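> what follows is a protein structure lacking sequence information:
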């Protein structure tokens, strides 16, 4: 049985995404009022929740000994992220359709790119 290790902190990934949702909601509220802010919140949440699930799930194992478990965990996390994304899109468009689709998909697209930016900004260059 493989030993589980402490998961690394995923705050550096999730906090910028939450900040981006807040900024998108503020911009949407300024452009379209409360219904626009809700559309941006829904779009941001549809992108944020699967990313958070993936980040939480993928770091179950560490070390070269667990390379196979790491690869399997990565594929399971990606499959879960995809399934959760499909489920959230279905839920949003069936239960609470956004009033402004441009703001919904705009917030969704911004959230897809925020984790790339957060990873790039979060890297520290080692001194030479």
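Right, received. Where do you want to start? All figures in this text were calculated on a predicted structure; none of them were measured in a lab.

> going forward, measure contacts and count neighbours with C-alpha atoms only.
Will do.

> tell me the SS of residue 70?
Three-state assignment for residue 70 (DSSP: H, G, I helix; E, B strand; the rest coil): helix.

> so for it, what's the pLDDT?
We have a pLDDT of 77 for residue 70.

> pull the number of nearby residues for it.
18 (other Cα atoms under 10 Å).

> same check, this time on residue 90
Using other Cα under 10 Å, residue 90 has 13 other residues around it.

> what's the pLDDT at it?
You'll see residue 90 listed with a pLDDT of 93.

> mind listing what's buried in the strand or helix carrying it?
Following DSSP states H and E, one finds residue 90 within helix 67-95. Within helix 67-95, the residues that qualify as buried are 69-70, 73-74, 77-78, 80-81, 84-85, 88-89, 92, counting by 16 or more other Cα atoms under 10 Å.

> which of these lies closest to residue 26?
Among the buried residues of helix 67-95, residue 92 lies closest to residue 26 (Cα to Cα), at 20.2 Å.

> roughly how far does that closest one sit from residue 86?
Look at residue 92 and residue 86: by Cα to Cα, to the nearest Å, they are 10 Å apart.

> which residues does stretch 39-55 contact?
Contact with stretch 39-55 is made by 10, 14, 17-18, 21-22, 24-25, 28, 77-78, 80-82, 84-85, 88-89, 92, 98-101, 103-108, 110-112, as judged by Cα atoms under 8 Å, 6 or more residues apart in numbering.

> let me fix that, I meant to ask about stretch 14-25.
Stretch 14-25 is contacted from outside by 36-38, 40-41, 44-45, 48, 52, 107, 110-111, 114-115, 118, using Cα under 8 Å, 6+ apart.
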